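Peer 1: Got a predicted model here, sequence first, then my questions.
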Amino acid sequence: MIRASLPALAIAAFALAACSDGNSSAPITGTSSRAGVNADAPGLDVANSHIAELNTPAARNGAGPGGNGNTQMVNHGGPVLTSGINVVAVYWASGTIYNGGPAAGSTGTGANDGSLVGHFLRNLGGSPYYNINTTYGVANSLNYVGFWANSTNAPSGSQKVTDAQMVSMLQSGFNSGQITYDPNTLYAIFTSGTVNLGGGFGTQYCAYHYWATVNIGGQSKTVLYAAMPYDAAYPGVCTNGTTSPNNDAGADGIVNTLAHEIEETQTDPQGTAWFDRRGYENADKCAWTWGTTYKTANGGTANMSLGGKDFLVQQNWVNTTNACAKAY
């Protein structure tokens with residue numbers, strides 16, 4: 001992500017829009033710390049301020065917006081998810097997005113998600129890779145608690161979906177009981193094709209994490225979410241461009257940016273905790289860098305094995321050594 005450097009903007013109160021579930025009730029007020037142009041990345045509009053940057057030659061060489069320069073990470077005192085993070089996958093589409101994934105309209109536990117994304121989420125927590133996050137004083141704990149394959153008013157084509165609409169959709173899930181609110185949960189919103197979550201997919205970013213407020217039992221609560229559009233729709237800038245190690249280009253492409261957003265959400269959920277003097281979070285500093293890779297049986301490229309499957313996942317910044325690594 002890129003943490004913006006300009007004053008906070010507010011997302012005004014908004015009513016449930018056409019992209020939300022009809023079970024919703026009152027208007028929702030969302031609060032945003034978005035800003036405009038990042039001073040360290042001139043010309044890059046960071047309306048979505050917690051982004052996984054595009055895969056460019058500069059990024060691969062550590063000279064992209066995030067950069068892996070030897071700038072120390074600092075805890076600025078904001079909240080972190082110290083004891084661990086939960087993940088709920090919200091598959092927002094009229095059909096199944098990833099091979100073997102949940103059928104549209106269904107809900108279930110993480111154990112019942114048969115997609116490669118589900119496998120990745122079940123095996124990421126506790127791994128040597130995710131252990132890097134412990135260098136920020138948080139637990140190596142990630143629980144994939146459940147999914148909601150929401151087909152109601154699902155976006156399609158290259159439709160632009162705003163943050164207000166995403167949060168309204170989550171509110172509808174809380175209201176209807178399709179998903180349960182939890183302050184330590186990241187609600188990862190997946191879409192299909194070229195659906196443009198946030199308005200800059202494929203041109204400014206590949207994914208991002210953010211936060212807003214929702215109404216839970218008449219009280220305003222902070223909800224953490226990630227916009228996870230279908231990265232394989234823009235393979236030149238949102239994937240590594242190498243052969244998928246699991247013969248599943250869509251899922252293999254998304255798990256890289258998914259890891260990026262999860263590890264940053266745990267260490268800097270609201271943009272007020274861990275980031276360096278330039279405003280960049282842990283995963284930003286190692287975006288699109290892999291460390292040592294190897295060839296898989298199908299000719300794909302991978303750099304780690306999780307739960308018996310091979311994946312290509314960006315490195316993360318180790319706070320104790322000030323370096324990118326794929327394990328700690």
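Peer 2: Noted; the coordinates are in hand.
Peer 1: following the least confident helix or strand in the chain by mean pLDDT, which helix or strand comes up?
Peer 2: Here the helix or strand of the chain ranked lowest by mean pLDDT, DSSP states H and E is strand 28-29, holding a mean of 26. For strand 28-29, the succeeding helix or strand toward the C-terminus, using DSSP states H and E, is strand 51-52.
Peer 1: Quickly note the distance from Cys206 to Leu258.
Peer 2: Plainly put, Cys206 is 10 Å away from Leu258 if you go by CB to CB, to the nearest Å. Where C-beta positions appear, they are placed from N, C-alpha and C, glycine not excepted.
Peer 1: next one: Gly271
Peer 2: 19 Å.
Peer 1: Also Asn55?
Peer 2: 15 Å.
Peer 1: what's the answer for Gly125, then?
Peer 2: Gly125 is 13 Å from Leu258, by CB to CB.
Peer 1: out of these two, which sits in the busier spot?
Peer 2: Ranked by neighbour count (other CB atoms under 10 Å), Gly125 and Leu258 place Leu258 first, with 26 against 21.
Peer 1: quick one: contacts for that one?
Peer 2: 117, 120-121, 188, 207, 226, 228 (CB atoms under 8 Å, 6 or more residues apart in numbering).
Peer 1: isn't there a helix covering it?
Peer 2: Yes: assessed with DSSP: H, G, I helix; E, B strand; the rest coil, Leu258 lies in a helix.
Peer 1: just to revisit the earlier point, can you tell me which of the contacts of Leu258 are in strands?
Peer 2: 188, 207, 226, 228 (DSSP state E).
Peer 1: can you pull the contacts of the closest residue to the last one other than its chain neighbours?
Peer 2: For Met228, the nearest residue in space outside its immediate sequence neighbours is Phe190; the separation is 4.7 Å by CB to CB, 6 or more residues apart in numbering. Contacts here follow CB under 8 Å, 6+ apart; on that basis Phe190 touches 89-93, 97-98, 117, 228-230, 254.
Peer 1: Assumed Ala251 was part of a helix.
Peer 2: Yes: the assignment for Ala251 is a helix, going by three-state DSSP.
Peer 1: in this protein, which ranges drop under the pLDDT threshold?
Peer 2: Along the chain, segments meeting pLDDT under 70 span 1-49, 59-70.
Peer 1: Report the central residue of this protein.
Peer 2: With the centre of the chain defined as its mean C-alpha position, the nearest residue by CA atoms, centre = their mean is Glu261, 3.4 Å away.
Peer 1: Assumed it was part of a strand.
Peer 2: No: the assignment for Glu261, made by three-state DSSP, is helix rather than a strand.
Peer 1: and it, what does it touch?
Peer 2: 1, 50, 52, 186, 188, 207-209, 226, 228, 283.
Peer 1: Repeat that for Thr185.
Peer 2: Here Thr185 is in contact with 85-88, 145, 224 (CB under 8 Å, 6+ apart).
Peer 1: now do Thr320
Peer 2: Thr320 makes contacts with Thr135, as judged by CB under 8 Å, 6+ apart.
Peer 1: next one: Val117
Peer 2: Residues near Val117 by CB under 8 Å, 6+ apart: 89, 98, 101, 190, 251, 254-255, 258.
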